[in-house]
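# okay, predicted coordinates and the sequence, questions at the end:
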Amino acid sequence: MIRLFFKTLWNNKRRNILVFIELFMISFVLVNLTLYLVSMYSIYRIKNCYDAHDVILIDINKKNPESEKIAEVSFQNLKKVLASNSFVESVSISTNAVPYNYSISTTGFNYDSVEIGFANREVDIDYGRVMKIIPLKGRWFNETDLGKAVHPIVITNEVSEKYFKGNAVGERIYEKDGRSGKVTNYEIIGVVDRFKRNDIETPYPAAFILKDSVKAGSSWQTSVLILTKENKTSDMLASAESQVYSTLNPESWTITSLNSLDNMRLQVNNENYQRNYLTVILALFVVINIFLGTIGILWYNTNLRIHEIGIKRALGSTGKGIKRLLVTENMVIAGVGLLIVLLIVLQMPMLVNYRGDSLEPGVLSSSIAISVVSMIILVFLSTWIPATIASKIRPAIALKTE
């Protein structure tokens, strides 16, 4: 039976090759589309290390030079002034650690002979309280970490998994200055969830480095993050500007941004969603065309075989047997095409990300499973319906059809 089955496929090779090419192209589009959509969904579901609710951002830029000592004292005073408000829970001063902001600073670190790349986010002890960060392993910074010869550092989970096999706490890495050759050692004291800049972008690997002091005088921009009590962000926004300019020298510093992180999240997400709306519309259009295309091809192929079906019926084949034969043939043809597509796609994760990152865990296997199930259902329905109609034709009528 199996030999006869494949012999029948081979005898109709010209027609089957055309069907194979069509199903191969449909499979290729379906698999890649599924991979794209599942990847987007998996990124959206990535757990964030911080909670931005009820947090205010004040970005302060330097207008004119000011001595580092004066600037440090001024910003320490500003932190105290802002924290003295009855509706404020905690205040943090950081650099390159603001969510929904695309400013990023990277430095090459090394673990033994392996180079590690991640975004450096300089924070103070209070950053963890403001952003409500709960470490997965180890701990967040505290007062005992200030002034240590080996600097404490907290890394995100993907760095721990990639370079330390999930056991990063207690390990040491180092940074070497290319000009002076100076080596700075760091000890990993904690691991946190990933740091997302928006809801639908793959998070960049990150590390939080403790700032021993404000050092505002050496930076042109300093970010102040303020955690308010529930639903008190409007109160902080109303008083923030006057408190900043009454504490800092207006000739040296100016506010460039004053906003809540909730608003920034909405703005950034809306911009990204708008860019993806067209992609989603095109994806839906492609899905509809895949469905209609598969039905059209297999329906047409079945209609071409009416004469053959009539002969089989005349020789005693049942309607169920004919339907089973047609479905099996198309499943085999589609399966071969899908298998080739999957072999091609399995080589793609190394190429799709310019940073060399792999897809999120489970994305590839989920995409393959969804694609295989979708293709089976699609081919089954696209064959079963016309096969059911064709199998009901009387042999005498079918034999008249050429």
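Yes, it's here.
# for the record, mean pLDDT for stretch 206-222?
Taken as a whole, stretch 206-222 has a mean pLDDT of 75.
# scratch that, stretch 43-51 is what I was asking about
Across stretch 43-51, pLDDT averages out at 90.
# buried ones in it, by neighbour count?
By 16 or more other CB atoms under 10 Å, the buried positions in stretch 43-51 come out as 43, 46, 48, 49, 50. From N, CA and C alone the C-beta is placed, and that goes for glycine too.
# cool, stretch 122-130 as well?
Residues of stretch 122-130 classed as buried: 122, 123, 124, 125, 126, 127, 128, 130 (neighbour count, 16+ other CB under 10 Å).
# follow-up on the earlier one: export the buried residues of stretch 43-51 to a markdown table and tack on secondary structure and distance to residue 167?
Shown next, in a markdown table, are the buried residues of stretch 43-51 (DSSP: H, G, I helix; E, B strand; the rest coil; distance: CB to CB, whole Å):
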| residue | secondary structure | distance to residue 167 |
| --- | --- | --- |
| 43 | helix | 26 |
| 46 | coil | 21 |
| 48 | strand | 23 |
| 49 | coil | 19 |
| 50 | coil | 24 |
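# let's have those residues in JSON lines, adding distance to residue 293.
Compiled in JSON lines, the buried residues of stretch 43-51 are given as follows (distance: CB to CB, whole Å):
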{"residue": "43", "distance to residue 293": "29"}
{"residue": "46", "distance to residue 293": "34"}
{"residue": "48", "distance to residue 293": "40"}
{"residue": "49", "distance to residue 293": "44"}
{"residue": "50", "distance to residue 293": "45"}
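# quick check: closest non-adjacent residue to residue 246.
residue 81 (7.8 Å; CB to CB, 6 or more residues apart in numbering).
# how near is the residue nearest to the spatial centre of the chain to residue 16?
Among the residues of the chain, the one closest to the centroid is residue 43, at 2.8 Å (CA atoms, centre = their mean). Using CB to CB, to the nearest Å, residue 43 is found at 40 Å from residue 16.
# in stretch 224-235, what counts as buried?
224, 225, 226, 227, 228, 232, 233, 235.
# tell me if I'm right that the second one and residue 127 touch.
Yes. The criterion here is CB atoms under 8 Å, and residue 225 meets it with residue 127 at 7.0 Å.
# next, the contact list for the residue nearest to the centre of the chain, please.
Neighbouring residues of residue 43 by CB atoms under 8 Å, 6 or more residues apart in numbering: 200, 201, 202, 360.
# quick check on those residues: which are buried?
200, 202, 360.
# closest one of those residues to residue 209?
Residue 209 lies nearest to residue 202 out of those, by CB to CB, at 22.1 Å.
# shouldn't that closest one be within a strand?
No. Under DSSP: H, G, I helix; E, B strand; the rest coil, residue 202 sits outside any strand and is assigned coil.
# now it, nearest residue through space, not along the chain?
residue 43 (5.5 Å).
# what does residue 297 give?
Residue nearest to residue 297 in three dimensions, not counting chain neighbours: residue 22, with 4.9 Å by CB to CB, 6+ apart.
# check that neighbour and give its pLDDT.
As summarised for this prediction, residue 22 has a pLDDT of 80.
# what helix or strand does it sit in?
Assessed by DSSP states H and E, residue 22 sits inside helix 13-44.
# and the next element down the chain from that helix?
Where DSSP H and E defines the elements, the next helix or strand beyond helix 13-44 is strand 55-62.
# how far does that next one sit from the chain's center?
Its chain's C-alpha centre lies 28 Å from the corresponding centre of strand 55-62 when counted by CA atoms, centre = their mean, to the nearest Å.
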